[in-house]
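Engineer: Pasting the sequence and the predicted coordinates here, then a few questions.
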Amino acid sequence: MNRPSYYWKLFTYYSTIPLTLFDWRVSFGIWFRFTHDSKIARVEVPFDSDGGEVYAYKPLNRNAIRLLQLEPGAYDDPLRGHLDRIDIAKAQQKYTALSYVWGRPDYNQRHFIRIGNGYLQIWGNLNNALRTLRSENRVITLWVDALCINQQDFMEKSEQVQLMTQIYSSAAGVHSWMGDATPASTVGVEILSYLLGDGPFDDGAPWHRRPASEVAEGLNDVIGREYFQRIWIVQEAAVGRRVTLQVGPLSIRWEAADTRRFLTRIKLLEISPLWTAPAPESPAVDFRALRELLEQADAKRAGYHPAAPTLLDIVHTMRHMHSTDPRDKIFGLMGLAAPAEVAGFVPDYTTSWEETYAKFYKHAYAAALKDPNKTFEEHAKEGPSSPKVPVM
């Protein structure tokens, strides 16, 4: 049934009797109103239900959040779910928090999710994320800001923003949705996955088995995305117990305890003698946004910010500075590090740049992942338990 809309024009003629009775003036007249029924298009909701009402949020108690129970379905099935209210203290590790980019609204292509007996409109990137993450056979529990916060209630939004760190740190994991995959995404995810592991930086590493241009394109496809430009990602992904970074169907996952190894291997890759000399036609690869996220996550996990930078931090920060002898990119900066950290790491110009880097790799990797207070000599004595050293 169409809802009527009235367009009308009022014609009047009236007169007033020149008489006042008990402070009332009497008037009379004739009014004519012309109306016309027109059809207003009803909101088109892609569901079997004949309803089309916007979902009505129920208010939240203090320190309460909503969790989305996303119902199972195939990728192309309509999105359905319901919202539960729960005290955040009772929701510990019972949900996955979604981290994503809202993106620009596309008013030509609207997407909806059925919530109970109503619906909520969502933008394209969230629509793709929910369809990709949805299970085909079980309900999954998510926290999604666009749905779990009443975006029309500014007071609620203000209160929920204050809980944001707690929401992401209390989740079983943080799922970072990067968007749909491209042909280059596979290479980028493969390299990041390798850096997340403990494979040696030798000829078998994925960046040595592919053309430099293909490596750069793949990495930039992933770490160059808009996601890493968002101010919220540090707060969202950095506090997660477990982080899953997903690009279309491709994903890598790391635990909080893996953060330092991942960060260390990225820094070691960036100062590698083979990595710092890319082909002239290859675009630059900037790990900075991912590094900053991991640095904040590592500091958060450790509960402190280091008072002084490590030798690896110094060498990595200064890696773009020029030196006639590439070995001086390490030897020339040793005086800036704590003496205990570089004890036993003696400048030796009889070794090649590649050998110097391999020695530095072993030292920095072990120091970062085991005990930053141990000297190089102490790490060297550990023998077989030391990390894999790159073969140049």
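Structural biologist: Thanks, I have it. Numbering: from 1, shown residues only.
Engineer: For residue 116, which non-adjacent residue is spatially closest?
Structural biologist: Spatial nearest neighbour of residue 116, excluding adjacent residues (Cβ to Cβ, 6 or more residues apart in numbering): residue 82 at 5.2 Å. In this view, the C-beta of every residue, glycine as well, is placed from N, C-alpha and C.
Engineer: Kindly confirm my reading that the one you found is in a strand.
Structural biologist: Yes: checked against DSSP: H, G, I helix; E, B strand; the rest coil, residue 82 lies within a strand.
Engineer: Surely it and residue 118 touch.
Structural biologist: No: counting by Cβ atoms under 8 Å, residue 82 does not reach residue 118; the two are 10.2 Å apart.
Engineer: neighbours around the residue nearest to residue 116, how many?
Structural biologist: Other residues lying near residue 82 total 16 when counted by other Cβ atoms under 10 Å.
Engineer: again, but for residue 139
Structural biologist: Using other Cβ under 10 Å: residue 139 sits among 13 other residues.
Engineer: Tell me who's in contact with it.
Structural biologist: 69, 70, 71, 72, 81 (Cβ atoms under 8 Å, 6 or more residues apart in numbering).
Engineer: The fourth one in helix, strand or coil?
Structural biologist: So that's residue 72. coil.
Engineer: just the first one next, same as before
Structural biologist: With three-state DSSP as the basis, residue 69 sits in strand.
Engineer: Could you count how many residues lie near it?
Structural biologist: Neighbour tally, residue 69, other Cβ under 10 Å: 15.
Engineer: dump the residue contacts of it.
Structural biologist: Per Cβ under 8 Å, 6+ apart, neighbours of residue 69: 81, 82, 83, 84, 139, 140, 141.
Engineer: still on that earlier bit, which one among the contacts of residue 139 gets closest to residue 193?
Structural biologist: Of all the contacts of residue 139, the one with the least separation from residue 193 (Cβ to Cβ) is residue 70, at 26.6 Å.
Engineer: nearest residue to that closest one other than its sequence neighbours?
Structural biologist: residue 81 (4.5 Å).
Engineer: Count the residues that sit near that neighbour.
Structural biologist: Count around residue 81 with other Cβ under 10 Å applied: 24.
Engineer: Likewise for residue 109?
Structural biologist: Other residues close to residue 109 by other Cβ under 10 Å number 9.
Engineer: Wait, a strand at it?
Structural biologist: No: under three-state DSSP, residue 109 falls outside any strand and is assigned coil.
Engineer: Find me the pLDDT at it, would you?
Structural biologist: You'll see residue 109 listed with a pLDDT of 79.
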